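1. What shape does this take:
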Amino acid sequence: MIVIIVNAEVMSEFLEDFTKESQFVQAKSLEESGCKNYCILQNSKDKNKFTFIETFESEEAIEAHKKTAHFQQWRNNVYEMMACERTTMRYTIMK
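-> Numbers count the residues shown, from 1 in each chain. Coordinates of the predicted model:
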């Protein structure tokens, strides 16, 4: 299992649109067979900051996810909403 943690900060004027886009990609991603978890956290002190915690069963599942229409739509639609570049870290679950 691979866990991807993405930190994103959105410009305040796009907060509502970003939230809708992100909830859509979350719902669609959870329908993918290789996606085991997809959680979106919103910072309680700064509503413009988000953390995405995504769990996939394999690298192949991640690559398949990146090719989906819903992920590509999200990536393209939110690009201009970002206050700064997203950061991404990958982890493996220890056994």
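2. Can you give me the pLDDT of residue 95?
-> Note on residue 95: pLDDT of 79.
3. before we move on, what about residue 57?
-> In this prediction, residue 57 carries a pLDDT score of 96.
4. and what of the one 10 residues further on?
-> The predicted local distance difference test score for residue 67 is 97.
5. residues near it, how many?
-> 8 (other CB atoms under 10 Å). Every residue, glycine included, has its C-beta placed from N, CA and C.
6. Could you check how far it is from residue 32?
-> Residue 67 sits 11 Å away from residue 32, taking CB to CB, to the nearest Å as the criterion.
7. just residue 91 next, same as before
-> As defined by CB to CB, residue 91 lies at a distance of 19 Å from residue 32.
8. Over to residue 23?
-> According to CB to CB, residue 23 and residue 32 sit 16 Å apart.
9. now the helices for this protein?
-> 15-29, 59-66, 69-78 (DSSP state H).
10. Please convert those to CSV, extending it with distance to residue 86 and mean neighbour count.
-> Shown next, in CSV, are the helices of the chain (distance: least, CB to CB, whole Å; neighbours: other CB atoms under 10 Å):
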stretch, distance to residue 86, mean neighbour count
helix 15-29, 12, 16
helix 59-66, 14, 14
helix 69-78, 9, 14
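11. between those helices, which one is nearest to residue 85?
-> helix 69-78 (12.1 Å; CB to CB).
12. Can you name every helix or strand that that closest one contacts?
-> The contact analysis (3 or more CB pairs under 8 Å, 6 or more residues apart in numbering; DSSP states H and E) places helix 69-78 against helix 15-29.
13. Appreciated, that's everything.
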